[in-house]
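>>> Turn this into a model:
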Amino acid sequence: MIYRAVIFDMDGTILDTLDDMAASINAALAEEGFPPRTVDEVRRFVGNGNHKLAERAVPAGTDGEAVERVFRAFHRHYRAHCADRTRVYDGIPALLHRLRGRGVRTAVVSNKADYAVQALAARYFPGLFDCAAGESSSVRRKPAPDGVLSVLSALGVPKEEAVYVGDSEVDMETAENAGLPCISVTWGFRPRTFLLARGARLLADSADELEALLS
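All right, here's what the predicted structure looks like:
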């Protein structure tokens, strides 16, 4: 199958954002006097949007008002520090250049806050995405298919000619709900064994392997 559009997740797929997200959630927890979380804990907490990250990061039994304060504090910190230690995964920019050179449309659909998706896409991948969409109040977050279907409509590409690339079980569920195949990358926030246990059928261990599957 030769795809006309490739839609990517962001966190754990094209960018390693984990250290910056951990720093921001720990800054928010500290404001409430809560203990910090390790990077590995934050790795397990991400994937379902930043509110869910706040819910998972606070101590068990924390009241809802405190969760909301942590959520808001996370965004204040992350808006200013979302690119302090974030890095691009090896081979991704070159892959995007080659895809676009072949006329393939490229996009990002993420559960990350839309302000961060836009800022990071522009900073690390200037001119390499036709669309980039993050979490917003008007679109249900993944694994709902809304963001993917909206981007495909904007690109003018039918779902039968598109593929979704991600690193988590949420991405596999999103692709299934949108009617797209999914390629799971193993360099992100979920290990290969976890992805296989959740039903991953196509896996890529490197950007070169991903390109082979996309070609």
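>>> helix/strand/coil for the residue of the chain positioned farthest from its centre?
If you look at how far each residue of the chain sits from its centre, by CA atoms, centre = their mean, the farthest one is Gly33, at 28.8 Å. Taken by DSSP: H, G, I helix; E, B strand; the rest coil, the conformation at Gly33 corresponds to coil.
>>> At which residues are the strands of this protein located?
5-8, 15-16, 87-88, 105-113, 131-135, 162-166, 182-185, 202-204 (DSSP state E).
>>> Can you pull out the residues in contact with the biggest helix by length in the chain?
In the chain, with assignment by DSSP state H, the single longest helix is helix 64-81. Residues from elsewhere that reach helix 64-81, judged by CB atoms under 8 Å, 6 or more residues apart in numbering: 20-21, 23-25, 27-29, 31-32, 34, 50-51, 53-55, 57-58, 113, 115-116. The way it works is simple: take the backbone N, C-alpha and C, and place the C-beta from them, glycine included.
>>> and those, which of them are in helices?
20-21, 23-25, 27-29, 31, 50-51, 53-55, 57, 115-116.
>>> Where does the prediction get shaky in this structure?
For the chain, no stretch is flagged by pLDDT under 70.
>>> Restricted to buried residues, select the ones in helices among the contacts of helix 64-81 in PyMOL.
Only the buried entries of the ones in helices among the contacts of helix 64-81 go into this PyMOL selection, using 16 or more other CB atoms under 10 Å:
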select buried, resi 20+21+23+24+25+27+28+29+50+51+53+54+55+57+116
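>>> Next, format the strands of the chain as CSV and append mean neighbour count and distance to Pro143.
Output for those, formatted as CSV (neighbours: other CB atoms under 10 Å; distance: least, CB to CB, whole Å):
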stretch, mean neighbour count, distance to Pro143
strand 5-8, 26, 14
strand 15-16, 22, 20
strand 87-88, 14, 25
strand 105-113, 25, 9
strand 131-135, 22, 13
strand 162-166, 26, 10
strand 182-185, 27, 11
strand 202-204, 16, 18
